[in-house]
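Trainee: The amino acid sequence is not available; the structure is as follows:
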């Protein structure tokens with residue numbers, strides 16, 4: 001794992017905020033490369049990608065890039081980055097005391113490619129998912145430590161993050177459906193098959209009896 005962290009993982013995270021907004025197919029290809037590397041390291045060629053990540057104590061590359069976004073937002077809000085970067089985010093000004101603290105204004109967009117798929121929109125979107133106690137952490141070291149275990153609870157069902165988070169639920173649903181099919185439907189089909197054979201035999205027997213009756217009557 002040390003060789004992986006030193007010579008492979010570093011390339012996945014280099015300038016990840018710049019190439020994060022690739023197409024979904026490109027992002028999926030990069031995830032597949034990491035999956036293959038973890039399979040060879042753990043000698044596991046059967047379990048799912050989520051199981052490999054849990055076993056290796058790793059996160060998906062997509063989630064790692066989102067966490068990097070959150071670190072950048074934290075640094076911007078706390079004056080750790082140059083002033084010109086403050087134009088990337090806008091803090092929501094609240095006139096009343098609400099539960100949401102340090103929330104960001106969700107920018108409006110006209111296009112998907114250059115509007116929704118931009119750092120300004122995604123950083124604000126995921127930052128608003130973070131708990132207030134995490135946003136108000138005083139040190140960057142503490143924030144990065146909490147960020148390792150943080151995962152946004154998005155419920156849109158369309159983004160790659162939702163698909164990764166729901167992959168395990170989908171696999172469990174498919175296994176349950178397969179189990180139900182094997183336990184319920186196959187015995188039912190087997191029973192119908194035998195009942196059909198029984199009726200065919202009965203019909204054949206009745207036909208033979210009628211045939212013998214007509215022969216004897218003649």
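Mentor: Yep, it's here. Computed from a prediction, not measured in an experiment: that's the story for all the values here.
Trainee: mind giving me the domain split of the chain?
Mentor: Using automatic domain parsing, the domain parsing of the chain gives 2-157, 166-218.
Trainee: I'd assumed residue 144 was in contact with residue 71.
Mentor: Yes: counting by C-beta atoms under 8 Å, residue 144 is a contact partner of residue 71 at 6.4 Å. All C-beta atoms are positioned from the backbone trio N, CA, C, and that covers glycine.
Trainee: residues near residue 55, how many?
Mentor: 13 (other C-beta atoms under 10 Å).
Trainee: Doesn't it belong to a helix?
Mentor: Yes: under DSSP: H, G, I helix; E, B strand; the rest coil, residue 55 falls within a helix.
Trainee: was I right about it contacting residue 41?
Mentor: No: applying C-beta under 8 Å, one finds residue 55 not in contact with residue 41, separated by 9.6 Å.
Trainee: Now do the shared contacts for the two.
Mentor: Where contact means C-beta atoms under 8 Å, 6 or more residues apart in numbering, no residue is in contact with each of residue 55 and residue 41.
Trainee: Residue 151: what secondary structure?
Mentor: coil.
Trainee: Excluding covalently adjacent residues, which one is nearest to it?
Mentor: Sequence neighbours aside, residue 63 is the residue nearest to residue 151 in space, at 6.3 Å (criterion: C-beta to C-beta, 6 or more residues apart in numbering).
Trainee: give the contact list for residue 58.
Mentor: 34, 38, 52.
Trainee: Quick check: helices, which of those residues are part of them?
Mentor: Per DSSP state H, helices hold the following members of those: 34, 38, 52.
Trainee: Take those residues and lay them out in TSV including pLDDT, neighbour count and distance to residue 79.
Mentor: Shown next, in TSV, are the ones in helices among the contacts of residue 58 (pLDDT from 0 to 100; neighbours: other C-beta atoms under 10 Å; distance: C-beta to C-beta, whole Å):
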residue	pLDDT	neighbour count	distance to residue 79
34	89	21	34
38	89	21	38
52	87	20	39
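Trainee: just these now: which is nearest residue 109?
Mentor: Residue 109 has its nearest neighbour among the ones in helices among the contacts of residue 58 in residue 34, at 29.8 Å by C-beta to C-beta.
Trainee: Return the residues in contact with the closest one.
Mentor: 8, 12, 58, 60-61.
Trainee: cutoff 6 Å now
Mentor: With contact set as C-beta atoms under 6 Å, 6 or more residues apart in numbering, residue 34 has these partners: residue 61.
Trainee: Please report the distance of it from residue 59.
Mentor: 10 Å (C-beta to C-beta, to the nearest Å).
Trainee: Please apply the same query to residue 1.
Mentor: The value you get for residue 1 to residue 59, if C-beta to C-beta is used, is 14 Å.
Trainee: Between the two, which is the more surrounded one?
Mentor: Neighbour count, other C-beta under 10 Å: between residue 1 and residue 59, residue 59 has more, with 18 against 12.
Trainee: Got phi/psi on the more buried one?
Mentor: When quoted as degrees, to the nearest 10, the phi and psi of residue 59 stand at phi -120, psi 160.
Trainee: surely residue 81 meets residue 75?
Mentor: Yes: counting by C-beta atoms under 6 Å, residue 81 does reach residue 75; the two are 4.9 Å apart.
Trainee: on that earlier part again, worst mean pLDDT among the domains of the chain?
Mentor: Here the lowest mean pLDDT among the domains of the chain goes to domain 166-218, at a mean of 61.
Trainee: Since that was my last question, I'll sign off now.
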